[in-house]
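> Here you go, sequence then predicted model.
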Amino acid sequence: MRADPRDYQLVSPGTLQGVLSLLSSEPKQWLPIAGGTDVMVLYAAGKLPNKKLVNLWNVPELRQIGVSPDQIRIGAACSYTALRKQDVISREFPLLATAASWTGGIANQNRGTLGGNIANASPAADSLPALLVYDAELSLVSGRGERRVPYRNFHTGYKQTALAPDELILDIVLPRRFSGYVVHAKKVGARKAQAISKVCLAALGRVTDGMIRDIRVALGSVAPVPLRLTETERTLTGKKIEPSLIESARRTVAQEIRPIDDVRSTARYRSAVAGNLVAEFLEKLALQGQPPNNVLSRWNGLPSAEAAREILPCCGSTNWAARMASRRPIIDETSLLAAADAAWRSLGESDWLEAFRSHPRIGETHPEKDSAPQSSAWSVEEQHKAAAADEAVAMALKWGNREYEQKFGRIFIVCATGKSASEILEVLRRRLHNDDATELQQAVEEQWQIMHIRLKKWIAE
Ligand SMILES: Cc1cc2nc3c(=O)[nH]c(=O)nc-3n(C[C@H](O)[C@H](O)[C@H](O)COP(=O)(O)OP(=O)(O)OC[C@H]3O[C@@H](n4cnc5c(N)ncnc54)[C@H](O)[C@@H]3O)c2cc1C
């Protein structure tokens, strides 16, 4: 840590008026801090320009989500976890729920806020393309009053915003008029979570009578600000999706974006990826009007108990499975994953432990709890690289499992897909050093990854 806490002042008025009075009393002196996940990185590096910080975390007006028939208002200091748990967001704004699930790990999602992501103004921020395509508006507030700004006008240049020094983002307003749209979200980075995007896409579209009626595409990390591809959208609207249209869209995308070379990637790579992502979305959009995914359309028609039973092996928690069944109809993969995330976040520790018990120990084939044949079959596939362990590694894993269970009182959970036995052993040894709370969160994260992989396999069958 290069900063000395004694040089800083943090105050916590606890009311909106209190925060606004401070901001207007000494303009540019006070820096709002919400979750602190960006601010604390600067602080720790000794690069925080302000010495006076004012806390937004305990300001009630900034932490509410209000739903009315035509819009949803998200308080700027709502965390990603709160967004992921909100039903209307996961049902009607799956692009935002998906972006929330990409934003760092669980700890980061518990603290990081949507308002912080917007005000921090990184062109690589994951939630911003979704706000562009959903036509978000921002309410900005200061001691002088409140004003509404379309989000598309908020980022004025690299790390520049329309926010005055005495202003706060109060809330983010999304119109509720995008149900029935095909959605597509993709983050290309070194990894999905805990990695800054090289390119990320949020797209929405609607096709009727074989023609694109409305299309909205936005990309992050391809320009100094998150970019809505209005020219590409214009050339696509009213057209039938055919291979030649997809090829010409790739070219228009490449002309419209202004990618840069930086430490994470090259401009050429970003252009190619952006074109591919838009092409992928158009292919998905072309399926609208045709029958949805076979597995999902059959599942959508099952009685609730049967639907819960069928999806249970994807996670192992009966409460999760019941919640998924109650969220039907689910029409595609993006909505399925967003619904699964919201259901998962609403669970408690006993549900997590139930899900853990549905897995066999690494190196074994049968779980302690009776689990569905589909779950056992997936476990075998997931552990197939690990099954090739030599005798010494297999023995070390067995002892490691035992030590883990003695220390934490539950089975060791790791997303084994693609991992060799030695890699799993290394992870196990490292995690044995965790304290119980950290380890539980890690296991929850691993279980979440397993759930995603299984859901994708399930609907591909
Ligand atoms: C480990 C880690 C992983 C991360 N992964 C990702 C990722 O995958 N994708 C991604 O997009 N980001 C990622 N981030 C960045 C960060 O978590 C997000 O940008 C987050 O949304 C910031 O929110 P916050 O509340 O923590 O902001 P803070 O750090 O509290 O504030 C950030 C900035 O916004 C200002 N601010 C905050 N709230 C308001 C408001 N209501 N009105 C006006 N100004 C305000 C602050 O003054 C500050 O300038 C990551 C960060 C870390 C540390």
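Happy to help now that I have it. Residues are numbered from 1 along each chain as shown.
> ok, residue 50 - contacts?
For residue 50, the contacting residues are 29-31, taking C-beta atoms under 8 Å, 6 or more residues apart in numbering as the criterion. C-betas here are computed from N, CA, C, even on glycine.
> Please repeat the previous calculation with a cut-off of 6 Å.
With contacts defined as C-beta atoms under 6 Å, 6 or more residues apart in numbering, the neighbours of residue 50 are residue 31.
> host element of it?
Assignment of secondary structure by DSSP states H and E places residue 50 within no helix or strand.
> Point me to the residue of the protein nearest the ligand.
Nearest to the ligand in the chain, going by C-beta to the nearest ligand atom, is residue 116, at a distance of 2.2 Å.
> Surely that residue touches residue 34?
Yes. The pair formed by residue 116 and residue 34 meets the contact definition of C-beta atoms under 6 Å, at 4.5 Å.
> just to revisit the earlier point, any figure for the gap between the residue of the chain closest to the ligand and residue 168?
Using C-beta to C-beta, to the nearest Å, residue 116 is found at 11 Å from residue 168.
> Same check on residue 295?
When C-beta to C-beta is applied, the distance between residue 295 and residue 168 equals 46 Å.
> now do residue 398
Computed with C-beta to C-beta, the distance linking residue 398 and residue 168 is 56 Å.
> Quick one: the strands in the stretch 1-150 of the chain, in order.
9-11, 30-33, 52-55, 65-68, 71-75, 137-142, 145-150 (DSSP state E, counting those that start in this stretch).
> list the contacts for the residue of the chain closest to the ligand?
For residue 116, the contacting residues are 34-35, taking C-beta under 6 Å, 6+ apart as the criterion.
> So which residues on this protein come close to the ligand?
Contact residues of the chain with respect to the ligand, defined by C-beta under 6 Å from any ligand atom, are listed as 31-39, 41, 56, 76-77, 102-104, 108, 111-113, 115-117, 119-120, 125-126, 168-169, 194.
> Do you know the pLDDT at the residue of the chain closest to the ligand?
Per-residue confidence for residue 116 comes out at a pLDDT of 98.
> got it, and residue 90?
Predicted confidence (pLDDT) for residue 90: 88.
> State the distance from the closest residue to it other than its chain neighbours to residue 97.
If the residues on either side of it in the chain are set aside, residue 90 comes closest to residue 342, at 3.7 Å by C-beta to C-beta, 6 or more residues apart in numbering. Here the criterion is C-beta to C-beta. By it, residue 342 lies 7 Å from residue 97.
> any common contacting residues for those two?
Taking C-beta under 6 Å, 6+ apart as the contact rule, residue 342 and residue 97 both touch 84, 90.
> Please say which of these two ends up with more neighbours.
residue 97 (28 against 24; other C-beta atoms under 10 Å).
> Run through the residues that contact that one.
The contact partners of residue 97, taken as C-beta under 6 Å, 6+ apart, are 84, 89-90, 338.
> Confidence-wise, which helix or strand of the protein is lowest on average?
Every helix and strand of the chain was ranked by mean pLDDT, DSSP states H and E. The lowest is helix 373-382, at a mean of 79.
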